[in-house]
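S.K.: Sequence plus predicted model, see below.
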Amino acid sequence: MYRLRSQPPRPQPYFAFTLVSRYTASPWYSISFSAVRRVPSGKCSPRRIPYELEIGFVDRHLLMVSTVRTDARNTAPNPLTAPKRQLPKFKKTPALPAHAPATSQAAPQPTASSSCSLQHSMPKKAAPPDLTVAVEWEQGTGLLGFCTTYRPPDSRPGIEKNVSFGRDGLWAWHEYTRQPQLLDHTAAFTPWIKIPTADEARNSLSYGRAAMRDVSADPEPIQEGQDAAVDLKSIKGGEKFKRGMGSVNGMYRTTDALHLELETRYKALQNECHRATFLFRRAASTKMGCLDSGSVVRRIISDLREPTRELLDLAHTYFDICWTAHQRASAVVQAYIDFIGSLLPEGSAPSLAHQTALTPKTSRRGVVLADKDIDTYLMFFKRHEIPVWAYVALDQFDIPKDALGPADASRCDVSDCNYLSNQKELPIRWYPPPAVAWSLLEATARGYLPRPDEETFERGDQATNQKRQRVALDNKLAKVQREFGNLGTSLERYQQLRVRSPAARSYYANRAKPRPSYAPVILSEYAAAEHEAGRYIDLLATPLQHILDENDPGFFMAVKVDPTKLQKVVAEQLEQRAIRSFIPPLHVFTGAKSWDKTISMVVATVRMLPLLLARVKLARTDPHVVRLRPKDWKAILTREYWYQHWMDEQRIQHITKTLQMRTLAGEEFDEVQERLKMKDVKIQFEHYDYDVFWKYGSRLVFGEAESNRLKSTADAQPEFGELLCGCKPTYELLHKDPDLVFGLLTWFNQLRLAHWLADLVPSALDKEGIPGGVDSYDAQCTPDFTDEFEVQKPTVALIQSVVMHKQFVHEDCFPEGSSEELDDHAWLKSFSMILTRADYVDVVDQYMAGPKGWIPASCLRENDFCALNERECLKVEEHLYLRYFLTSFAAKQWPVEMHFLPTASTLRCSNCRTARQPQNAGQGVPSPVATGMAALFQNDDAAGCLYDEGCSGEDLEREGYPD
């Protein structure tokens, strides 16, 4: 745009003009100018008035001159003004989400003038001096090529329609490994894809077509003297055949020699890719770590992604007859390796750089840049001598005649091959993508964007059946994910956990639910260890033991096992892994569907707390008293269980009384059969009263002796608990006091944690004289923490110090003692002594023998931790929490959470807390906070590194062209 300015005006001119000429295709010339009216200082601000001057010529003679004011005051058009010629409009490519259909993507806009309205007034730009070729495409657009002599044909018409395979087995216009594509910022390495020569395309295994000599219709027979695996199902007429080399998807199988060659090439390429990634990451964090923020190299490093999908395709296709899929994946992976070799600073990887230099720069696929990418990346690709084309409007440049020429032929066959297109048994990602926008072709073809025809693609019979099976498995996976949360993406993993580990199933099912604010606060160190322990979940969910010896060579040939016996063995093993406890687990309360139900269960637990702690000793003599499962706790702590228990006990008493009367009358009968008959007889039940729920006893809850006493004595009742302040727990009292619920749940969990730590050291407790339960599935030696003699045992004292620090369980079943915590060194020593006395300590050490940094139990026993500094204490604490998880996993249970100690104020009702609250306004009642899984983060200061000059030939401030 030319700006014509008048000479310096005289003092105080009335108007100042700025003229802008605009050339049109007609014999009329239009000159736009604006007049700025100047006013005396202080009056008002100057105002710019736009005008348009129209000049008409006929045979070089001035015909007419007219001036039109073009602001809002004069909007009438000039009838003599010729219509302005409009340039074709190119829509910019909007940023679409990954799930958006590709057909809605517009083509990229070629680089043009910054002002569309003044486009024709601009003179043509001079072509860049290093321009080598230019080619014209549709709608006045085209490509300016650098570092190449190839003029790509316009592939957009072929891309925007559904096409099939070409006769050379490639994807015709959709073959992104041959035709240059628009830059994908996450795959800046694809321009390095090698274009084969004519001889390589015919004869090379990496580019040529498969021949019949490379495949066989059936597996090859075993040659004498060869040591090869034999498939018993592949015996034909007494002749043994090797296992099939290849996939059932293809019509043929590769020969043995070719199969081994492809496998060797695949593994070598995979190792080289991982090595290149390692070298690149190391260089990016050291020699290339101080790149300027506007550097194009830094931008490429930030956006680059490893070709993981192509690596998977290499593994899936190296034994298939799907040659092009394997060749395409290997070409992309090799381009990634060559790209890293070109980008690394000089001397970082000489062998990689030498391998990259073997391929001529002109044999690379190249890349097309458009819009802002031209300014940002053009110099980068030119510096690496990679063929690069700029997508521009050709009428904006003065292109030399020797550079502009017709388009060359496509680099692959674009004729349809019906034979290949009708083959529908392969995975869908190995077929050409459907009609997509040019800007989305490469990402869609590589599988990083979903195909628009994912659901409508026509498959063969076998592929259709496989898809149906995948859909069914996906539905099952979605169902268990709703139950278990984000455990992974493998259905087998869910199913194994469901069958093998009831504890893991319960944990993940409850973790998927939101954690309420009244739940106890988890220690951040424990939460970090919990995240780390997820890597060792296989120790928790070990396979169940089969009824037969799996080490027997004839295990698979054994006679079919009786399903009844097998189910019995499985049930017994799962019974041993079931979740059992003397105190209700925390998720019983936090997993309730409503706040009202949570309050009801907490009230019931407080009232029954003396009884629950007394059941520990009752279990040693009474076989009816056992540790309860979560479903039992959910029943016992609600009204429905006791209502049903009342009905059952009354029916039993009615049947027993009736049969006794018939026996006294001299009647003979089968007692078992009569009891079964009378179970459905209607009787008159006593009105249920939950306030006296203990009236009909319960051997499971109270024990046999106490249950008989409650049933036989009219006014008998068990011992009930109260709050720490002495108030009776009621629904109304707790419903309005979430702080109290928070404190009670924290205390319940502390008691259960003490019992669980005791379950980890049954042998040590047995040696100290702590008896176990009489039930076969409940023989654990659980100490009674309300017994002053048992808490003096060494192991019990260690457990109490770890869980309660300087507190103990008072006779009112609540904590008593100092609220101060133990010294860090003393607590670490106590915790380590418990874990090193665990029955599974050797199992854990053997399981973790491989990982670096694991501290064996022998080192923990010898260290008193007194000389450790703060950082070393944190490391030991981190190790002990992880060991706690793994020891619990070895015991086939998920560990009990570790929380902060409950304060005495949170165990009192709101009225008593207010009465005991100090007058100092700065001291308030602590309240629970919204909890979540906290994690431990450490900020490691990275050492500063200098930028290697060999990485780039440009100055630091010119490295790249930011937007």
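M.R.: Received the coordinates, thanks.
S.K.: how is this structure carved up into domains?
M.R.: What automatic domain parsing lists as the domains of the chain is 3-69, 123-194+362-453, 215-358+939-963, 459-514.
S.K.: can you pull the contacts of the nearest residue to Arg156 once chain neighbours are set aside?
M.R.: Distances taken as C-beta to C-beta, 6 or more residues apart in numbering place Trp438 nearest to Arg156, at 5.1 Å, with adjacent residues excluded. No exception for glycine: its C-beta is placed from N, CA and C like everyone else's. By C-beta atoms under 8 Å, 6 or more residues apart in numbering, the contact set of Trp438 is 107-108, 155-156, 159-160, 181-182.
S.K.: measure Trp438 to Gly158 for me?
M.R.: To Gly158, Trp438 is 10 Å away according to C-beta to C-beta, to the nearest Å.
S.K.: Just the ones of the contacts of Trp438 in strands?
M.R.: Those of these mapping onto strands are 181-182, per DSSP state E.
S.K.: Neighbour-wise, which one of the contacts of Trp438 leads?
M.R.: Greatest neighbour count in the contacts of Trp438, by other C-beta atoms under 10 Å, goes to Gln181: 26 neighbours.
S.K.: Where does the spatially closest residue to it that is not a sequence neighbour sit, in terms of helix or strand?
M.R.: In this structure, Gln181 finds its nearest non-sequential neighbour in Glu442, 4.6 Å apart by C-beta to C-beta, 6+ apart. Assessed by DSSP states H and E, Glu442 sits inside helix 441-445.
S.K.: Off-centre distance for that helix?
M.R.: Chain-centre distance of helix 441-445: 23 Å, with C-alpha atoms, centre = their mean, to the nearest Å.
S.K.: May I have that helix as CSV, with CA atoms only?
M.R.: Extracted C-alpha coordinates of helix 441-445, given in CSV (Å, rounded to 0.1, in the frame of the first residue of the first chain):
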residue,chain,number,x,y,z
LEU,A,441,-5.5,-36.1,6.9
GLU,A,442,-2.3,-37.0,8.6
ALA,A,443,-3.6,-37.1,12.2
THR,A,444,-6.6,-39.1,11.1
ALA,A,445,-4.6,-41.5,9.0
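S.K.: any idea of the mean pLDDT in that helix?
M.R.: Mean pLDDT, helix 441-445: 91.
S.K.: How about residues contacting it?
M.R.: 102, 159, 171, 174, 176, 181-182, 184, 187, 190, 432-433, 436, 449-451.
S.K.: which one of those residues has the most neighbours?
M.R.: His174 (28 neighbours).
S.K.: show me the contacts for His587.
M.R.: Here His587 is in contact with 506, 510, 630 (C-beta under 8 Å, 6+ apart).
S.K.: Can you verify it is assigned to a helix?
M.R.: Yes - under DSSP: H, G, I helix; E, B strand; the rest coil, His587 falls within a helix.
S.K.: Columns pLDDT on top of the contacts of Trp438, output as a markdown table?
M.R.: As requested, the contacts of Trp438 are exported to a markdown table (pLDDT from 0 to 100):
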| residue | pLDDT |
| --- | --- |
| Ala107 | 57 |
| Pro108 | 70 |
| Ser155 | 89 |
| Arg156 | 89 |
| Ile159 | 86 |
| Glu160 | 79 |
| Gln181 | 95 |
| Leu182 | 95 |
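S.K.: Now, the contacts of Trp438 that are in helices?
M.R.: 156, 159 (DSSP state H).
S.K.: Next, the buried residues of stretch 695-714.
M.R.: 695-698, 700-704, 706-707, 710-711 (16 or more other C-beta atoms under 10 Å).
S.K.: outside of it, which residues touch it?
M.R.: 608, 611, 615, 618, 622, 624-626, 628, 632, 636, 645-646, 649-650, 689, 694, 716-718.
S.K.: Count the residues that sit near the nearest residue to Asp184 once chain neighbours are set aside.
M.R.: Nearest residue to Asp184, sequence neighbours excluded (C-beta to C-beta, 6+ apart): Glu442, at 5.2 Å. Residues lying near Glu442 (other C-beta under 10 Å) number 23.
S.K.: Which of the contacts of His587 sits closest to Lys401?
M.R.: Within those, the smallest distance to Lys401 is 76.2 Å, found for Asn510 (C-beta to C-beta).
S.K.: May I ask which helix or strand encompasses the closest one?
M.R.: helix 502-511.
S.K.: same thing with Ala134?
M.R.: Assigned by DSSP H and E, Ala134 belongs to strand 133-136.
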